[in-house]
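Peer 1: How does the following fold in three dimensions:
(chains A and B)
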Number of protein chains: 2
Amino acid sequence: MFLPVIMSGGSGERLWPVSRSSFPKPFIEMPDGQSLLAKAFLRAQSLDNVQEILTITNCEHYFKTKSEYSSIVNEVIKTSYILEPFPRNTAPAVAIAAHYAAKMYGKDAILLVLPADQLIEKTADFAKAVAEARKLAEQDYLVTFGITPSRAETGFGYIEIPAERIANSENSYLVKRFVEKPDLATAEQYIKDGNHLWNAGIFCFKAGVFLNELEKHSPELSKAVELATSGLDFVQAAHGYAELDSKKFAEVPNISVDYAVMEKSDRVAVCKCDIGWNDVGSWNAIGDLISPDDNGNRLSGEVYTHNSSGCLIQSSSRLVATVGVRDLVIIDTPDALLVADKSKVQEVKNIVGQLKENGHAASKEHTTIFRPWGCYTVLEEGTGFKIKRIEVLPQHSLSLQKHEHRSEHWVVVSGVANVQNDEQIFELLPSQSTYIQAGHKHRLSNNSDEVLVIVEVQCGAYLGEDDITRFDEVSQFKNALHCGIK
Amino acid sequence: MFLPVIMSGGSGERLWPVSRSSFPKPFIEMPDGQSLLAKAFLRAQSLDNVQEILTITNCEHYFKTKSEYSSIVNEVIKTSYILEPFPRNTAPAVAIAAHYAAKMYGKDAILLVLPADQLIEKTADFAKAVAEARKLAEQDYLVTFGITPSRAETGFGYIEIPAERIANSENSYLVKRFVEKPDLATAEQYIKDGNHLWNAGIFCFKAGVFLNELEKHSPELSKAVELATSGLDFVQAAHGYAELDSKKFAEVPNISVDYAVMEKSDRVAVCKCDIGWNDVGSWNAIGDLISPDDNGNRLSGEVYTHNSSGCLIQSSSRLVATVGVRDLVIIDTPDALLVADKSKVQEVKNIVGQLKENGHAASKEHTTIFRPWGCYTVLEEGTGFKIKRIEVLPQHSLSLQKHEHRSEHWVVVSGVANVQNDEQIFELLPSQSTYIQAGHKHRLSNNSDEVLVIVEVQCGAYLGEDDITRFDEVSQFKNALHCGIK
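Peer 2: Numbers count the residues shown, from 1 in each chain, chains lettered A, B, ... in the order given. Here you go, the predicted model:
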């Protein structure tokens, strides 16, 4: 059994304002319109002999992840999910995936751990590297992937390799040591010496070998993960998703798989490869994916420039105009705008820090919020009213609910709405509407095969999202609050 | 009779994206929250012996102008308007004002012509200068106002003065000559020599004297203006507004009052003054009105900065964040954003030029559109639907109308709506709604004393503003199309 595991954590704060804590880096669309997560899934799906792809992610992101996959998954691939109640670094996630694989497919099952927030442009070279890594994993190595550095990058960890390859391997080495992010002089020396590779965060190993090494080098973590997974229904995960218990998961140490196992084990090999790897670590990395115009500007959306050069400008729905500026990054979203100097894009994190400190919504959410049944967008909020555009996916339904303090007007703008309003059940066609009185039970459903779009005008003195009583849950999570189900 | 005349033309393209052709410079709010137009009106109103203020503006801006004045006009001031169907530079406007004053109050009536798009900060010094100018006007001078230059500005016209003052005047000189915008070296020489003043575009003279000089120096213009005003009902203007005939007005040459009269007449005096004059010619001039923070940033709205300095940042409704930038002007409006280098703000005109060339809406209108009865804001437009927030002023009404292709849902969010829907007439309270079927006559009115706010959801295959049949006009202009009355 060969099981790709997509690890979809990582907030990507440096990609704010497009990344938000509820819309993290894996969901961000690259200039070609495909999200990093979709790219990771396609990458895994295209490998040889893949029957299943396991995803480890936060429960809050389950529905959006599933919906990203739904349009690209092929008919032979099974998708399984293990959901974390909160982020806990890579070691716990990898260990849980290893437990899952060992339990479901035996200790010799081979895992390929893939972060969901990277780009790998040379697909064929990647497949070749994976094939080599699998061979080494069969020989009980813990295999990492090492990228030939193209510049003296100080933002990555490095892997030092010896002069000699592993016997019978194409391009793999026993790891001499892992090195933390170096300073510039050291990084330059690494490039010159040619004996250091970038640590890509991709791993391949037998489930049993990893778990043994984990027990040996990080016994405390090993025990905590065993406890956290003891009640986990792996069979249920294999057929959909299983959710980790938040109390038990909280006891698991928050450390990286490098620190917990890779840096300590003597069974670690590195497969040296040149796969067009890009960690998309800042807006500049995204800018590199867009062809520049004659003035070196990389533009997307509606942009007018005058006497401007070297800029990355991304507009979502508004007109952006620049006059006489150089080397700026301008990222426009419906509720927040970033203007940064290209050479300072790493410091975008600082803004996110300020926003978090102030509990600002723009660090958490976009104006469009994804839900299991679709999404909604707050168009405007004023004294006594809130206007939303609500999109309900085909064959989906919101929960039966009521509000104490607000009434709602629903106007169908496209598709067909199946409505329960108090005791009545009826259908609404485009341009038809209904009025939901405060205190009345109601449910909005879409029984058709096309997306339903309605405009909802809420009226009332209190319009908080927490004014809701649910009478059933369409999908019930243990950690419903985390998962933000309406 | 002493009649201040507010000339409210001038688009102020360099203040885009806040200025638009339907929302020109006079309407722009200064950092203290007051528009330039309101400031001009208050300036005129505060002068001695003022009973009436005449405004010459485009008919499109009449209602918004009236509404700007309504909250600041005192009980003794009468407001009168002459409306232009299109802009035609300053000479025609001043000549028309002079005809009005001569006809209504006699040839000796004294006019004070005030542009609506300037700041004058030293009110007492301005009043003193006006008093001196009036004295000279009584002696049949055409008086201009000359500002002692504070810098070698190349963007203004200059007035050269002789060494000797006019006898018995405090600070006034016979004008030697008017000079067009000089180059930098010339401007620097002017400052050094001390015999040149900035031409502020403010004038004071007897109606009859001006008309005589106009006839003498620009007979063609004089004749064309006579024709254009021949059918104009001045009495109606005095009691509200009168509108110029667009065919006749089109025949009037498009030239400035300086060129038509001032540069040619030998009766021109200049009153030298230091009145805190600011022509608000660019975003930098507005920035100067905001106190800087410790990093020299001048901020308004919700702005987060990190490692940024010397910026002017104005956000309307969204969060703006900057990282590592210097000396930028960032002006954010709901549908358009400007990012410019401080040293290049004059070139904003170039962007407006590009937008006009493309017929882009962002050169013409804001998302909020003002109407005689209030305003509306397009919140979202999608396939088959458009959502507006509509505000109706107390005791105002939209016209009785119908639409062929769209139905409308109205939800009251505050105030009380008086609705005619087909044959029915009824009242709607907050959170109540009505559905206007396509083809049905309807009217929205506000008979109360508080503002009415409704959300309108339009549905239909065609949602253009021109799908409207009106059965009466609440106010009827000859040039209704220009004036954009719904």
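Peer 1: pLDDT score assigned to A:Ile485?
Peer 2: Looking at A:Ile485, its pLDDT reads 39.
Peer 1: and what of A:Asp472?
Peer 2: 74.
Peer 1: so what's the residue in the stretch 101-250 of chain A that chain B sits nearest to up against?
Peer 2: Evaluated by C-beta to the nearest C-beta, the stretch 101-250 of chain A has A:Gly155 as its residue closest to chain B, separated by 16.6 Å. (C-beta placed from N, C-alpha, C; glycine too.) For A:Gly155, the contacting residues are A:Lys181, A:Gly281, A:Gln346, by C-beta atoms under 8 Å, 6 or more residues apart in numbering or on different chains.
Peer 1: I'd like to know which elements the one helix or strand A:Ala124 maps to is packed against.
Peer 2: In this assignment (DSSP states H and E), A:Ala124 forms part of helix A:123-138. Other elements packing on helix A:123-138 under the criterion 3 or more C-beta pairs under 8 Å, 6 or more residues apart in numbering or on different chains; DSSP states H and E are strand A:110-115, strand A:142-147, strand A:172-174, strand A:196-206, strand A:268-273.
Peer 1: what's the closest of the ones you listed to A:Arg443?
Peer 2: strand A:110-115 (39.0 Å; C-beta to C-beta).
Peer 1: quick one, helices of chain A?
Peer 2: Using DSSP state H, the helices of chain A run over A:36-45, A:62-70, A:90-105, A:123-138, A:184-193, A:207-217, A:219-230, A:234-238, A:246-250, A:257, A:283-287, A:348-357, A:480-483.
Peer 1: Tell me which other helices or strands the second one touches.
Peer 2: In this case it means helix A:62-70. Partner elements for helix A:62-70 (3+ C-beta pairs under 8 Å, 6+ apart): helix A:36-45, strand A:78-84, strand A:368-371.
Peer 1: any idea which of these scores lowest on pLDDT?
Peer 2: Averaging pLDDT over each of those puts strand A:368-371 lowest, since it has a mean of 89.
Peer 1: Name every strand pairing with that strand and say which way it goes.
Peer 2: Here strand A:368-371 is paired, per DSSP bridges, with strand A:374-382 (antiparallel).
Peer 1: Just want the angle from the strand it pairs with to helix A:62-70.
Peer 2: 130 degrees (axes from the mean of the first three to the mean of the last three C-alpha atoms, to 10 degrees).
Peer 1: Please export the C-alpha coordinates of the helix holding A:Ala124 as CSV.
Peer 2: Extracted C-alpha coordinates of helix A:123-138, given in CSV (Å, rounded to 0.1, in the frame of the first residue of the first chain):
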residue,chain,number,x,y,z
THR,A,123,5.7,16.9,-12.3
ALA,A,124,7.7,14.2,-14.1
ASP,A,125,10.8,14.8,-12.1
PHE,A,126,8.8,14.8,-9.0
ALA,A,127,7.3,11.4,-9.9
LYS,A,128,10.8,10.1,-10.6
ALA,A,129,12.0,11.3,-7.2
VAL,A,130,9.0,9.7,-5.5
ALA,A,131,9.7,6.4,-7.2
GLU,A,132,13.3,6.5,-5.9
ALA,A,133,12.1,7.5,-2.4
ARG,A,134,9.7,4.5,-2.3
LYS,A,135,12.5,2.1,-3.1
LEU,A,136,14.5,3.5,-0.2
ALA,A,137,11.4,3.5,2.1
GLU,A,138,11.1,-0.3,1.2
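Peer 1: In it, which of the residues would be classed as buried?
Peer 2: Along helix A:123-138, these residues count as buried under the neighbour rule (16 or more other C-beta atoms under 10 Å in any protein chain shown): A:Phe126, A:Lys128, A:Ala129, A:Val130, A:Glu132, A:Ala133, A:Arg134, A:Lys135, A:Leu136, A:Ala137.
Peer 1: Could you single out the nearest of those residues to A:Ile82?
Peer 2: Using C-beta to C-beta, the buried residues of helix A:123-138 come closest to A:Ile82 at A:Ala137, 20.9 Å.
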